[in-house]
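Asks: Provide a 3D model corresponding to the input given below.
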Amino acid sequence: MQQRVFQQTRTTNFWRLLFLMAVVSFGTEHQLHAYVDPGSGALIWQTVLAAFAGLVFYGRRILRTIRRKGRGEEMPPAKQ
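Replies: Modelled structure (predicted):
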């Protein structure tokens, strides 16, 4: 029980910090003169797509594990 309360407190503090950072960022905005060359743009797109692909693969695995536990099925042994 204590660990769950600690986890909720830590999560709440994270979201408060994230909100505070967003408020400070948008409250103190300045006009920027930046240039992103095509190579940097391609790297950003590649990173976003790779993160999405990883989320899809691991998300499917996590959902499958949750569904099996909900049905009471045995987990298959880990492959080595």
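Asks: just how off-centre is the longest helix along the chain within its chain?
Replies: Scanning the chain for the longest helix, with DSSP state H as the assignment, gives helix 38-71. Mean-position distance between helix 38-71 and its chain equals 10 Å (Cα atoms, centre = their mean, to the nearest Å).
Asks: Please apply the same query to stretch 31-46.
Replies: Worked out by Cα atoms, centre = their mean, stretch 31-46 lies 22 Å from the chain centre.
Asks: Give me the helices and strands touching the helix or strand encompassing Leu17, please.
Replies: According to DSSP states H and E, Leu17 maps onto helix 2-27. Judged by 3 or more Cβ pairs under 8 Å, 6 or more residues apart in numbering; DSSP states H and E, helix 2-27 is in contact with no other helix or strand. For glycine as for every other residue, the C-beta is placed from the backbone atoms N, C-alpha and C.
Asks: low-confidence ranges in the protein?
Replies: 1-8, 73-80 (pLDDT under 70).
Asks: where does the residue sitting furthest away from the middle of it fall, helix, sheet strand or coil?
Replies: Within the chain, His33 marks the point farthest from the mean C-alpha position, 29.5 Å out by Cα atoms, centre = their mean. His33 falls in the coil class when you classify it by DSSP: H, G, I helix; E, B strand; the rest coil.
Asks: ditto for His30
Replies: coil.
Asks: what about Arg68, how many residues close to it?
Replies: 13 (other Cβ atoms under 10 Å).
Asks: how much space between it and Thr47?
Replies: Taking Cβ to Cβ, to the nearest Å as the criterion, Arg68 is separated from Thr47 by 32 Å.
Asks: what does Arg61 give?
Replies: As judged by Cβ to Cβ, Arg61 and Thr47 stand 21 Å apart.
Asks: Then Gly59?
Replies: Per Cβ to Cβ, Gly59 is found 18 Å from Thr47.
Asks: can you check Val24 too?
Replies: Val24 is 25 Å from Thr47, by Cβ to Cβ.
Asks: same deal with Gly54?
Replies: Taking Cβ to Cβ, one finds Gly54 at 11 Å from Thr47.
Asks: same thing with Arg16?
Replies: 27 Å.
Asks: same question, Gly72
Replies: 39 Å.
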